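Colleague: this one's sequence-less:
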């Protein structure tokens, strides 16, 4: 996953490396969307991010679930981290994700890939109604139509298999072109 | 279903009776909820309704899908009809219902029962953030905690199997007591 | 929908035409799949059908829900009708469909189109383990890989928006290419 | 969770204890069911287990997801471990769980509780058609009707919040009494 997630201080770099080679790490993925008054998705929000190696890519909101943190609290925290405090995300009432994305360190084992670790992400579509101001390492947030988000140009700007994830989110909401 | 749904003018009473004996009729069921800022359900809204036979019961929002009407438009129309124009319902982004409730004219065939017809209802949990003012034949709208809504008192005030439907909605949102 | 579904005898042609102009008609759509021992989809089964106007197209299993018929009984009936009595379909344990496909008589209102009627189809992925022998008006059943089923060749052989439906089914099962 | 899951050899007891205080641990929960030919759930299978403290309880199939293991492979492994090699489980075609059960070390934070750790379990309903022979630490496997499984007697024999999980599974399959 291209989102850079700072692990809490009680992991040293060595400890983090040790854990990441031994356990699947639990993540949440959130696909921010704009909806009309009937709930139909009109836009998909994608972050423009710079990876540590300086490559630029588009990505959904993503981050780790912490010890003793509920899924819904992790979703809210990462959405606020990436979209700013005025985004007003509507976290889903149900804990049922639309899919589970399994990012494997080995490319090709699944559609998702994370060279650093085996991450398992619960994926949700999250309508946001407020004003989004990307923070931290996100350079920008761009709202695409479903057709643009599923189109070849945006798809090839997404890494780690998140192009597939966005198309799965569109399929789930009945907006896959 | 206890919701009284006036069919459009192009059905006479005779025509309506004829159709109801021959076809399953498509409905939507919406369980209105209040959620906190993490999306967790805090209250379930139930209508207090009087049936044609003057019996009083609690019910979810319910109504028929019209010819050439999308599911999401039917949801919005019935929510506005029953909760008033200021309810501000968040219609789900996905068309995937949490369950499909099959109301049979024969009691016991399924948990749901409608003596008038075979109705098949797509059921959704719908967060509402606005001011709810029951309209039309609804006498009142009461917000219950999940524990109250699943408790014996409220459950026995629900007819047509909608007590089960409410507990299914609570189960889907992780709030079944 | 390209599936030709004979309505029961108590509808004359005139009655059927009358109903189809006034009510949404409830359907089930089933996407037959082969799965491996871990449940992963390996093949998608598509029917080759001739429409009344002699055009040939590929389609999923589709048909009407009858009065007083449960969704699961309608699924089983149509799967046996189209795949033969030895197909051994595993009807899902949950009534929750992966999507609801709204076939409108007006093209473009939704991704799905049916010139004859407004049909609302509850869509399910159904693993089949037995021997499939297409019956009735189905000319053939062909098993495609997920890549083939989502590819341009097969997609353009599907009518009524069912190409989208198949890709939604693949997305739901984590197999969208 | 009452299931006793032996972690792989590369964790010493100290390491395991260290990890369990710092990270949510990813689990799968499987509710084994018998279904009829229309997919309707007729029985729910519960394991009779002895916890390390010798208390006896009923439980669903449960276990950890290993590093570099897919969810579906973990499901199959734990089902075979608990039900024996002839159970013939039908792992769901979709990775979408019916719920996500968050077992917290602090009782009351969620409906689920695990004093040893923060475990997050993806929960699936899994039809099994074969012959089940409980293995390892499971003393027995008993098939209950939905009414029995949701009834007070069985519910109070379940620990860790799994009584709620079983009722959620019944709700999801339309069989909550």
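Modeller: Right, received. Where do you want to start? Note that the coordinates shown come from a computational prediction; the quantities given were computed from them, not determined experimentally.

Colleague: which helices and strands does the lengthiest helix in chain A pack with?
Modeller: Ranked by number of residues, the top helix in chain A under DSSP state H is helix A:71-83. Packing partners of helix A:71-83 (3 or more CB pairs under 8 Å, 6 or more residues apart in numbering or on different chains; DSSP states H and E): strand A:25-35, strand A:61-64, strand A:119-127, strand A:138-144. The C-beta positions use only the backbone N, C-alpha and C, and glycine is treated the same way.

Colleague: How many residues are close by residue A:140?
Modeller: 11 (other CB atoms under 10 Å in any protein chain shown).

Colleague: Quickly note the distance from it to chain C.
Modeller: According to CB to the nearest CB, to the nearest Å, residue A:140 stands 27 Å off from chain C.

Colleague: Where does residue A:166 sit: helix, strand or coil?
Modeller: Three-state call for residue A:166 (DSSP: H, G, I helix; E, B strand; the rest coil): helix.

Colleague: quick revisit: give the rounded mean pLDDT of the longest helix of chain A.
Modeller: The average pLDDT for helix A:71-83 rounds to 96.

Colleague: try stretch A:90-99
Modeller: 98.

Colleague: now swap in stretch A:111-118 and tell me
Modeller: When pLDDT is averaged along stretch A:111-118, the result is 94.

Colleague: Equivalent analysis for stretch A:49-56, please.
Modeller: In this model, stretch A:49-56 has an average pLDDT of 81.

Colleague: do the same with stretch A:155-163
Modeller: Per-residue scores along stretch A:155-163 average to 95.

Colleague: Give me the buried stretch members for it, please.
Modeller: Buried residues in stretch A:155-163, defined by neighbour count with 16 or more other CB atoms under 10 Å in any protein chain shown: A:155, A:158, A:159, A:160, A:161, A:162, A:163.

Colleague: So the last one, which state does it fall into?
Modeller: Following three-state DSSP, residue A:163 is assigned to helix.

Colleague: now it: how far from residue A:49?
Modeller: Distance of residue A:163 to residue A:49, computed by CB to CB, to the nearest Å: 14 Å.

Colleague: Mind picking the two most distant members of the buried residues of stretch A:155-163?
Modeller: Spatial extent of those (CB to CB) is set by the pair A:155 and A:160 at 12.4 Å.

Colleague: Could you pull up phi and psi at the residue of chain A found nearest chain C?
Modeller: Closest residue of chain A to chain C, CB to the nearest CB: residue A:171 (3.5 Å). Main-chain dihedrals, residue A:171, degrees, to the nearest 10: phi -60, psi -40.

Colleague: so what's the residue lying closest to it once chain neighbours are set aside scoring on pLDDT?
Modeller: Sequence neighbours aside, residue C:171 is the residue nearest to residue A:171 in space, at 3.5 Å (criterion: CB to CB, 6 or more residues apart in numbering or on different chains). Per-residue confidence at residue C:171 stands at 98 (pLDDT).

Colleague: Would you mark the buried spots in stretch A:58-76?
Modeller: For stretch A:58-76, the buried set under the neighbour-count rule, 16+ other CB under 10 Å, comprises A:58-67, A:69-76.
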